[in-house]
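# this is the structure alone, sequence omitted:
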């Protein structure tokens with residue numbers, strides 16, 4: 001596909017660009033002692049380490065170097081330690097207990113369990129029992145797992161990798177090639193590091209372009225926002241300028257889009273995000289027959305949304321603008337939450353001063369409540385709509401359970417192709433609510449409750465689908481499904497067949513993947529590879545002759561056939577027909593065109 005911005009340049013332009021990059025100072029260069037102290041402090045290295053250990057740790061921290069080491073490990077058949085270390089490092093970075101527990105279970109089954117597919121020989125039986133005990137304890141006590149829980153295991157794996165992989169790696173051509181490539185890579189990413197391709201999306205204040213990083217060949221989605229537009233948008237609250245970047249950077253989760261880089265030019269603020277290029281859930285609805293997405297897919301997408309929202313809520317943040325068009329679909333069939341510009345904190349430390357943030361109110365349960373208005377009409381919860389007609393000091397605000405109301409609307413739309421409420425009735429309530437002053441909370445809730453009672457559930461909705469939607473669309477936020485935690489939603493019968501631990505690790509095969517039916521092996525190729533092609537072809541020859549001869553004795557029919565085609569070739573009684581006869585049939589000049 002052609003690039004909309006040429007990636008080619010003359011040698012003089014390249015020299016000028018490289019010179020400009022070398023003059024750029026991003027941060028103070030660390031000394032070896034600084035680097036060593038940093039890795040010891042973060043727990044990824046034991047205290048007593050050599051410079052070579054530090055070098056290996058640096059390689060593991062740099063994506064380009066990591067690629068070289070990983071490729072070498074696979075060729076050495078020592079990849080178990082490499083993969084295990086990477087997985088544990090990911091575990092250490094997980095801030096939320098639910099996802100951390102699932103990751104630990106995954107690590108145990110993949111690397112530590114006796115029959116693990118990538119069993120690590122460096123882990124002894126005592127350590128394996130310790131990890132298993134932690135896995136079992138975490139089933140009932142999520143707080144039992146800390147980020148440093150696996151430090152001892154990780155140190156052992158590191159030493160194993162040092163001996164089995166790093167020492168031979170340093171003497172290989174892979175190491176030389178890595179050092180050569182790293183000479184051209186600096187610690188500041190600029191637009192010169194990317195090839196730009198086509199525009200894949202556009203919103204009110206941003207454009208999204210597909211790009212490829214030159215050093216790795218990996219594709220990303222580049223979100224381009226003009227600084228001028230951002231300043232105007234957040235003029236009343238400049239601190240929100242970096243909200244989306246901060247949220248993306250804080251959320252490492254399989255069902256939330258990853259932020260890989262953030263950079264800027266004189267006029268634009270740029271986010272380099274993971275590429276989910278199979279559209280969004282609104283596209284899925286539009287493409288579905290009668291705009292109805294099959295139930296198994298709705299359950300699957302909804303379950304992944306629950307996990308993504310739960311991760312945000314565990315970080316004390318609320319999404320506030322859930323709708324099908326904000327949920328991206330990846331080629332592997334999984335979904336990811338995108339567009340974090342509307343996210344707000346509810347007592348956490350990611351976006352604010354935590355529970356001491358003056359912008360937060362507290363309800364009687366101690367939950368942080370927001371009072372700013374955010375969302376899309378048709379998906380807003382009643383407690384959000386009420387704010388439209390209130391002055392800020394009058395607002396009671398809302399909690400993260402507004403996201404579950406939007407989830408209920410989204411599930412209904414996925415199943416039916418439309419939102420649940422009568423459009424005119426809904427807009428009338430919103431209009432009246434927005435123009436009212438000092439509204440009576442009970443009156444607004446009553447209007448919504450009437451609207452909710454008027455929902456017409458299609459007959460093809462399952463009882464569990466209807467039940468979960470009704471629970472999520474509970475007008476009273478304190479009674480809404482999920483108000484007592486995400487586990488309340490997970491235990492609903494609608495999600496009975498969901499294995500949550502496997503799902504969060506993406507170990508569940510999606511009900512629909514792009515190119516899912518593309519893979520093909522010719523039956524003939526399969527027969528050749530299995531070594532039975534010759535035998536099957538011999539049987540096919542006999543079967544074709546039998547088709548011509550009919551259902552009588554094959555010997556009699558073959559003799560009759562031969563006597564008609566080749567007079568005198570029929571065998572004598574009691575003798576077997578000439579086994580070479582079938583091969584001779586097409587060689588007779590007289591019968592060359594005879595169809596048998």
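Arrived safely. Since this is a predicted model, take the numbers as computed values, not measurements. Numbers count the residues shown, from 1 in each chain.
# phi, psi of residue 198?
phi -80, psi 160 (degrees, to the nearest 10).
# can you report how many residues neighbour it?
11 (other CB atoms under 10 Å). Backbone N, C-alpha and C define where each C-beta goes, glycine included.
# can you check the one 4 residues further on too?
Counted by other CB under 10 Å, the residues lying close to residue 202 total 11.
# how about the secondary structure of the residue lying closest to it once chain neighbours are set aside?
Excluding the flanking residues, the one nearest residue 202 by CB to CB, 6 or more residues apart in numbering is residue 208, at 7.0 Å. The three-state assignment at residue 208 reads strand, by DSSP: H, G, I helix; E, B strand; the rest coil.
# residue 208 bridge partners, please.
Assessed by DSSP bridges, residue 208 has beta-bridge partners residue 201, residue 223.
# for it, give me its contacts.
Going by CB atoms under 8 Å, 6 or more residues apart in numbering, residue 208 touches 199-202, 221-224.
# pLDDT score assigned to it?
Per-residue confidence (pLDDT) for residue 208: 93.
# which member of the contacts of residue 208 is positioned nearest residue 393?
Using CB to CB, residue 223 comes nearest to residue 393 of the contacts of residue 208, at 35.5 Å.
# hang on, isn't that closest one packed against residue 206?
Yes: with contacts counted by CB atoms under 8 Å, residue 223 reaches residue 206, the gap being 5.4 Å.
# so for these two, which residue has more residues nearby?
Remark: of residue 223 and residue 206, residue 223 carries more neighbours, 25 against 20, as counted by other CB under 10 Å.
# now do that one, the pLDDT please.
pLDDT, residue 223: 93.
# could you do residue 18 as well?
Among the per-residue scores, residue 18 holds a pLDDT of 51.
# where does the prediction get shaky in the protein?
Scanning the chain with the threshold set as pLDDT under 70 gives 1-30, 183-188, 348-368, 430-445, 515-596.
# which residue is nearest the middle of this protein?
residue 254 (4.2 Å; CA atoms, centre = their mean).
# which residues touch the residue lying closest to that residue once chain neighbours are set aside?
Among residues not flanking residue 254 along the chain, residue 506 sits closest, at 5.4 Å (CB to CB, 6+ apart). If you count contacts by CB under 8 Å, 6+ apart, residue 506 has them with 254, 332, 334.
# likewise residue 170?
Contacts for residue 170 (CB under 8 Å, 6+ apart) come out as none.
# mind checking how far it is from residue 69?
Relative to residue 69, residue 170 is positioned 10 Å away (CB to CB, to the nearest Å).
# how about residue 215?
Distance from residue 215 to residue 69, by CB to CB: 16 Å.
# again with residue 118
Distance, residue 118 to residue 69, by CB to CB: 17 Å.
# so which of residue 215 and residue 69 has more stuff around it?
residue 69 (21 against 15).
# that one: which element?
For residue 69, the host element (DSSP states H and E) is helix 63-76.
# which element is residue 199 on?
Judged by DSSP H and E, residue 199 forms part of strand 194-202.
# quick check: buried residues in that strand?
194-197, 200 (16 or more other CB atoms under 10 Å).
# what does stretch 134-146 give?
Neighbour counts over stretch 134-146 (16+ other CB under 10 Å) mark 134-135, 138, 144-145 as buried.
# also stretch 388-407?
For stretch 388-407, the neighbour count (16+ other CB under 10 Å) marks 388-390, 395, 397-407 as buried.
# what segments of the chain are strands?
Secondary structure of the chain (DSSP state E): strands at 194-202, 206-213, 219-226, 259-264, 268-274, 317-318, 327-329, 335-337, 344-345, 361-362, 368-369.
# the first one packs against which elements?
Of the remaining helices and strands, those touching strand 194-202 by 3 or more CB pairs under 8 Å, 6 or more residues apart in numbering; DSSP states H and E are strand 206-213, strand 219-226.
# just checking, what packs against the last one?
Other elements packing on strand 219-226 under the criterion 3+ CB pairs under 8 Å, 6+ apart are strand 194-202, strand 206-213, strand 268-274.
# the ones you listed: which one's closest to residue 494?
strand 268-274 (28.6 Å).
# quickly list the domain ranges of this protein.
With domains defined by automatic domain parsing, the chain comprises 29-182, 191-274, 281-504, 523-585.
# tell me which residues touch the closest residue to residue 473 other than its chain neighbours, please.
Spatial nearest neighbour of residue 473, chain neighbours left out: residue 408 (4.4 Å); criterion: CB to CB, 6+ apart. Applying CB under 8 Å, 6+ apart, we find residue 408 in contact with 420, 468-469, 471-473.
# over to residue 52?
Contacts for residue 52 (CB under 8 Å, 6+ apart) come out as 162, 166.
# mind redoing it with 10 Å?
162, 166-167, 170 (CB atoms under 10 Å, 6 or more residues apart in numbering).
# same question, residue 289
By CB under 10 Å, 6+ apart, the residues touching residue 289 are residue 417.
# distance of it from residue 417?
From residue 289 to residue 417 the distance is 10 Å (CB to CB).
# now residue 59
Going from residue 59 to residue 417 by CB to CB gives 51 Å.
# looking at the two, which is more packed in?
Between residue 59 and residue 417, counting by other CB under 10 Å, residue 59 is the more crowded of the two (20 against 16).
# hmm, residue 270 is touching residue 230, no?
No: if you go by CB atoms under 10 Å, residue 270 and residue 230 don't touch, sitting 11.6 Å apart.
# okay, and the common contacts of the two?
Residues touching both residue 270 and residue 230 (CB under 10 Å, 6+ apart) are residue 206.
# what residues are up against residue 181?
Residue 181 neighbours (CB under 10 Å, 6+ apart): 64-65, 67-68, 215.
# can you put those in CSV and add distance to residue 491?
CSV is the format used below for those (distance: CB to CB, whole Å):
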residue, distance to residue 491
64, 45
65, 45
67, 42
68, 46
215, 46
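# from those, pick the one nearest residue 300.
Distance to residue 300 across those (CB to CB) is lowest for residue 67, with 31.8 Å.
# now that closest one. Nearest residue, chain neighbours left out?
In this structure, residue 67 finds its nearest non-sequential neighbour in residue 216, 7.1 Å apart by CB to CB, 6+ apart.
# now that neighbour: how far from residue 261?
Distance of residue 216 to residue 261, computed by CB to CB: 12 Å.
# quick one, which of these two is more surrounded?
The neighbour comparison of residue 216 against residue 261 (other CB under 10 Å) goes to residue 261, with 15 against 12.
# got a list of what that one touches?
Counting by CB under 10 Å, 6+ apart, residue 261 touches 189-190, 193-194, 213, 220, 222, 270-273.
# number of nearby residues for the closest residue to residue 214 other than its chain neighbours?
Among residues not flanking residue 214 along the chain, residue 193 sits closest, at 5.8 Å (CB to CB, 6+ apart). A count of nearby residues for residue 193, using other CB under 10 Å, gives 19.
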